[in-house]
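Trainee: Provided below are the primary sequence and the corresponding predicted coordinates.
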Number of protein chains: 2
Amino acid sequence: MSSSEGQPAQDAPGEASPGVTAPAGFRAAGVAAGLKTSGGRDVALVVNDGPAQVGAAVFTSNRVVGAPVLWSRQVVTDGVVSAVVLNSGGANVFAGPEGFADSHLTAERVASALGVSAGDVVVCSTGLIGERLPRELLLGGVDAAASALAADGGPDAALAIMTTDSVPKTADVRVVTPDGEFAVGGMAKGAGMLAPALATMLCVLTTDAVVDAAQADAALRAATALTFDRVDSDGCMSTSDTVTLLASGASGVAPDPETFAAAVRDVCATLARALVADAEGASHDVAVTVTGAHTEDAALAVARAVTRSNLVKAAIFGNDPNWGRVLAQVGTVPESVAPFDPAALDVTINGTQVCRAGAAYEDRSRVDMAGAREVSIVVDLHAGEAEATVWTNDLTHAYVHENSAYSS
Amino acid sequence: MSSSEGQPAQDAPGEASPGVTAPAGFRAAGVAAGLKTSGGRDVALVVNDGPAQVGAAVFTSNRVVGAPVLWSRQVVTDGVVSAVVLNSGGANVFAGPEGFADSHLTAERVASALGVSAGDVVVCSTGLIGERLPRELLLGGVDAAASALAADGGPDAALAIMTTDSVPKTADVRVVTPDGEFAVGGMAKGAGMLAPALATMLCVLTTDAVVDAAQADAALRAATALTFDRVDSDGCMSTSDTVTLLASGASGVAPDPETFAAAVRDVCATLARALVADAEGASHDVAVTVTGAHTEDAALAVARAVTRSNLVKAAIFGNDPNWGRVLAQVGTVPESVAPFDPAALDVTINGTQVCRAGAAYEDRSRVDMAGAREVSIVVDLHAGEAEATVWTNDLTHAYVHENSAYSS
């Protein structure tokens, strides 16, 4: 739990936070239903006990989406969400009409167990693509999860949504306002297929603040645009990304929109950073910051181009401050998107200005990349005042190994 | 040397072909000037002895380019090229004003040795980025290469432009027309930073056909668009790509434009295929073909999206026919670029239709990927009649190793 200023618990994600059950008005559970071959927890349920049942969600922008996304897009259109049910062990993507029926029946089973409408139940699935989920096991898991719901069930739920994640990812923040306190909590999973628009993942956020659907939606979209959408681990956009925000109103506190949005953003930032820190096979977390751009979108486009380069990412794995590869990527961004003079570009890696005005400057051997997991690359375009940061990881043998061996 | 129908020597690139000295009217050389730490050949010279000195070239579309590209763009504007000088052992990119002087002086030295104008000498450099070339060694190499020029010097020149290439890449074709024979020859280097627009590489093409500058330019652009521009080994666009075509007219044969363009395309296709076959660390060559698109551009956009996926490429390294990852990439292409119905998509891998209408179809275990270097992925969009193929490679441990250890 972080400080009252709304600062996120940036350095302490993980089991310490109750996650989605940090705010009042929520129960959660995570049970083992036999979907994962490991026998681990694989069905999670997060329930909003109100008094309000406000919900908002953002989804992958991929045109090819799983049945749960098709279902859940409809659920959130009215701004009412009573519960989110999530399973690992199977993504329910490319599973045909029966796959859609699986998602529908899952929502119906939750609705029946909780006495709510199926049309208010968001469904998320993650795991293998292209195979049917075992329907009876899944529905049995829903029953078990409903029976296990608890006001301290957040950590169990976070465990149940893990796939190749090595640690569960939870976060929360408590904000003091003149009218009282409110909280925002959350959990996320995601360790591969992390890419913008948005970073591939499942995430459930909860809050006991009193907000309406429009305010929840606005805060969620603003937060994901600045956090999950600026994580690009491997450039691969998933078919299943879903971030859902549930608001119970149980605190009785109606924060002003800016305060609320900041709290949601803080929790998202903590969770996004935790995704990068746990990305499949990575040995470095890399912050690519582009400064001196004429607009923030231009800075973002240049930063994204750098984070997409396998050559840059492999060099970082080799602890090689290879600024030439960085600038080669910068040069791929069209002038219409980001005007700059190639002869004016500066590059600073971990504080050493290795390139100034498009030529070698400080000795690259002064850059120590082996000493820390985090690497900072700053590119100054000298074309304006705007800047943006995108996070990525290095390209490692372990990434290749995991993704050549894990059929997903 | 391939058949008289203009068929490329697709299956026999390599040392067997004389490459750039296959057509009449050309001499070439490749010498060791001390630029490569290995002590191997590192300066190549290709000279057009006429009678015509027609030239055309295409360059990287990267906005950040090396000094040789800045120089050579000017050289080719008048359609006259007398010689191409190339060095490995240093790319002369981000080397400041002195780096540009290095390229200029290289052209001057060639001009002086051959009695031609420096403004008709194309300069190409490849190797490390961000460091100065040792000027005296380079100019000494130019003198040595000029002295070593020979009518059978093509293979030596092909050796001198190699960086991480494991084999030299040469090709040629001889075409019989009613008016007599003409030939097209070529050499290329490139094993990393291979990406579209155009595939990163240096390439010199020669012909003894009688063509004017406009015809040479048109044939070259058409050929590269269909060959080098459809190779995407690692998605990384270089700062130095240059493909130059020199026409001597020495055969006295003026082929019709279609016949000439086909011959140039055939040589480019052979060389492009050789680049894929020698890509850094690859264990599979992958042809991604998109059919049923409403336009060829749409097919190309979808194919490029698939070839850019690290998850797809890692799966291929693992001999995993992971069509879900393929379709997840297909879905990232905007509808405005490639209209299709996600529920209609088919995927066939090595002849087995693993996905039909967006769901699993033939048993994926029937796909044998381990048995051959070449993998074929066909995606049918069912949205039209157009198609396109893009070549890529798998993502392997060896790729990560080479690119984390090789500072370039």
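Mentor: Ah, there it is.
Trainee: buried stuff in stretch A:339-353?
Mentor: Residues A:339, A:340, A:342, A:345, A:346, A:347, A:348, A:349, A:350, A:352, A:353 are the ones in stretch A:339-353 that count as buried (16 or more other CB atoms under 10 Å in any protein chain shown). The C-beta positions use only the backbone N, C-alpha and C, and glycine is treated the same way.
Trainee: so how far is the first residue of that stretch from its last?
Mentor: One end of stretch A:339-353 to the other measures 22 Å (CA to CA, to the nearest Å).
Trainee: any idea of the mean pLDDT in it?
Mentor: For stretch A:339-353, the mean pLDDT works out to 94.
Trainee: just to revisit the earlier point, pick out whichever of the buried residues of stretch A:339-353 sits closest to chain B.
Mentor: The closest of those to chain B turns out to be residue A:342 (CB to the nearest CB; 4.6 Å).
Trainee: off-centre distance for the helix or strand residue A:183 falls within?
Mentor: Taking DSSP states H and E as the criterion, residue A:183 maps to strand A:180-189. Put simply, strand A:180-189 sits 14 Å off its chain's centre (CA atoms, centre = their mean, to the nearest Å).
Trainee: does anything pack onto that strand? Which helices or strands?
Mentor: Packing partners of strand A:180-189 (3 or more CB pairs under 8 Å, 6 or more residues apart in numbering or on different chains; DSSP states H and E): helix A:154-160, strand A:169-177, strand A:202-207, helix A:257-277.
Trainee: count the neighbours of the residue nearest to residue A:339 when sequence neighbours are not counted for me.
Mentor: Nearest residue to residue A:339 in three dimensions, chain neighbours excluded: residue A:383, at 5.5 Å (CB to CB, 6 or more residues apart in numbering or on different chains). Using other CB atoms under 10 Å in any protein chain shown, residue A:383 has 20 neighbouring residues.
Trainee: surely residue A:383 touches residue A:290?
Mentor: No. Counting by CB atoms under 8 Å, residue A:290 is not a contact partner of residue A:383; they are 10.1 Å apart.
Trainee: give the residues shared as contacts by the two.
Mentor: Both residue A:383 and residue A:290 are in contact with residue A:298, where contact means CB atoms under 8 Å, 6 or more residues apart in numbering or on different chains.
Trainee: around chain B, which positions in the stretch 201-350 of chain A sit nearby?
Mentor: Contacts of the stretch 201-350 of chain A with chain B, taken as CB under 8 Å from any CB of the partner chain, map to A:234-239, A:308-311, A:314-315, A:317-318, A:320, A:322-325, A:327-335, A:342, A:345.
Trainee: ok, 6 Å please
Mentor: A:234, A:236-237, A:239, A:309-311, A:314, A:317-318, A:320, A:322, A:324, A:327-328, A:331-332, A:342 (CB under 6 Å from any CB of the partner chain).
Trainee: burial count for residue A:334?
Mentor: Neighbour number of residue A:334 under other CB under 10 Å is 10.
Trainee: find the nearest non-adjacent residue to it, please.
Mentor: residue B:63 (8.0 Å).
Trainee: tell me the pLDDT at the one you found?
Mentor: Looking at residue B:63, its pLDDT stands at 84.
Trainee: surely it and residue A:332 touch.
Mentor: No. Using CB atoms under 6 Å, residue B:63 is not in contact with residue A:332, being 7.6 Å away.
Trainee: and the two? which has more neighbours close in?
Mentor: Ranked by neighbour count (other CB under 10 Å), residue B:63 and residue A:332 place residue A:332 first, with 24 against 19.
Trainee: correct me if wrong, but the more buried one is in a helix.
Mentor: No. If the criterion is DSSP: H, G, I helix; E, B strand; the rest coil, then residue A:332 is coil and not within a helix.
Trainee: how about it, phi and psi?
Mentor: Main-chain dihedrals, residue A:332, degrees, to the nearest 10: phi -80, psi -10.
Trainee: try residue A:319
Mentor: Backbone dihedrals for residue A:319, given as degrees, to the nearest 10, come out at phi 60, psi 40.
Trainee: run through the residues that contact it.
Mentor: By CB atoms under 6 Å, 6 or more residues apart in numbering or on different chains, residue A:319 lies in contact with A:369, A:370.
Trainee: state the distance from the closest residue to residue A:39 other than its chain neighbours to chain B.
Mentor: Among residues not flanking residue A:39 along the chain, residue A:32 sits closest, at 6.1 Å (CB to CB, 6+ apart). Applying CB to the nearest CB, to the nearest Å, the value for residue A:32 to chain B is 25 Å.
Trainee: same check, this time on residue A:336
Mentor: 11 Å.
Trainee: how about that residue, secondary structure?
Mentor: Taken by three-state DSSP, the conformation at residue A:336 corresponds to coil.
Trainee: now swap in the one 3 residues further on and tell me
Mentor: Under the three-state scheme (three-state DSSP), residue A:339 adopts coil.
Trainee: quick one on the thing from earlier: okay, the angle between the strand holding residue A:183 and strand A:169-177?
Mentor: If you take axes from the mean of the first three to the mean of the last three CA atoms, to 10 degrees, strand A:180-189 sits at 170 degrees to strand A:169-177.
Trainee: what does strand A:180-189 contact?
Mentor: Contacts for strand A:180-189 (CB under 6 Å, 6+ apart): A:19-20, A:22-23, A:158, A:161-162, A:165, A:169-175, A:201-209, A:251, A:253, A:255, A:263-264, A:267, A:271.
Trainee: circling back to that earlier point, pull the number of nearby residues for the residue nearest to residue A:39.
Mentor: A total of 17 residues lie near residue A:32 under the criterion other CB under 10 Å.
Trainee: domains of chain A?
Mentor: Listed by automatic domain parsing, the domain ranges of chain A are A:19-277, A:285-405.
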